[in-house]
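Novice: Attaching a predicted model along with its sequence, questions to come.
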Amino acid sequence: MSGEFRFLEDIALADAAFDAGGGTPSELFEAASRAVVETMVNPKTVEARVTHEETARAPDVESLLHDWLSRIVFLKDARQLLFRDVRVAVRQDRSGWMLAGTLAGEPIDQGRHELRADVKAVTRHLFQVRQDGGRWVARVVLDI
């Protein structure tokens, strides 16, 4: 796994922002997923007790990433799940982009989990996905 992310301190003052990158779309999605997870919780405090699988489809890679990251936030809010491990396979065909993802984690336990920010949404503000010199990169701002 060679995807990476870095939090941006000076992009969105009231929110959280990060850049993520990877050599492939799958690596980019995994890196961005880890950034969202680490914004919400220290993943080292979460055990992989529950596995949740998702598939998604979108006409473009930008929409697919936005929908995927939004789904992680939704699962935290609606099902009270936090994650420690994320695996994502992304591919493109003639009809658009597809994703198959597996999230491993457990229900929120405030006594055990090192909770961080309560992410409310993945915003469209400054949101972008692009290829840069053979790498896939994204900028994401989270509403907290």
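Specialist: All right, it came through fine. The structure presented is a predicted model; accordingly, all values stated were derived computationally and were not measured.
Novice: And the average pLDDT for the host helix or strand of Thr51 is what?
Specialist: Secondary structure assigned from DSSP states H and E places Thr51 in strand 50-58. Averaging pLDDT along strand 50-58 gives 97.
Novice: Kindly report the same for stretch 111-127.
Specialist: 95.
Novice: Report the angle between the longest helix along the chain and strand 50-58.
Specialist: The single longest helix within the chain, with elements called by DSSP state H, is helix 61-79. Angle between the axes of helix 61-79 and strand 50-58 is 140 degrees (criterion: axes from the mean of the first three to the mean of the last three C-alpha atoms, to 10 degrees).
Novice: Return the list of helices and strands in contact with helix 61-79.
Specialist: Counting contacts by 3 or more C-beta pairs under 8 Å, 6 or more residues apart in numbering; DSSP states H and E, helix 61-79 packs against helix 25-40, strand 50-58, strand 81-93, strand 96-107, strand 121-122, strand 128-132, strand 135-143. In this view, the C-beta of every residue, glycine as well, is placed from N, C-alpha and C.
Novice: Out of those, which one sits most buried?
Specialist: Ranked by mean neighbour count, the helices and strands packed on helix 61-79 are led by helix 25-40 with a mean of 24 (mean count of other C-beta atoms under 10 Å).
Novice: Can you give the distance from it to the centre of its chain?
Specialist: 4 Å (C-alpha atoms, centre = their mean, to the nearest Å).
Novice: Leaving out the residues flanking it, which one is nearest to the residue nearest the centre of the chain?
Specialist: Centroid-nearest residue in the chain, with C-alpha atoms, centre = their mean: Ser33, separated by 2.3 Å. Leaving aside its chain neighbours, Ser33 sits nearest to Val86 (4.1 Å; criterion: C-beta to C-beta, 6 or more residues apart in numbering).
Novice: close enough to count as contact, that neighbour and Thr102?
Specialist: Yes - counting by C-beta atoms under 8 Å, Val86 does reach Thr102; the two are 7.4 Å apart.
Novice: what about the chain, any weak spots by pLDDT?
Specialist: Where the chain drops to pLDDT under 70, the residues are 1-2, 10-14.
Novice: if we go to 90?
Specialist: 1-15 (pLDDT under 90).
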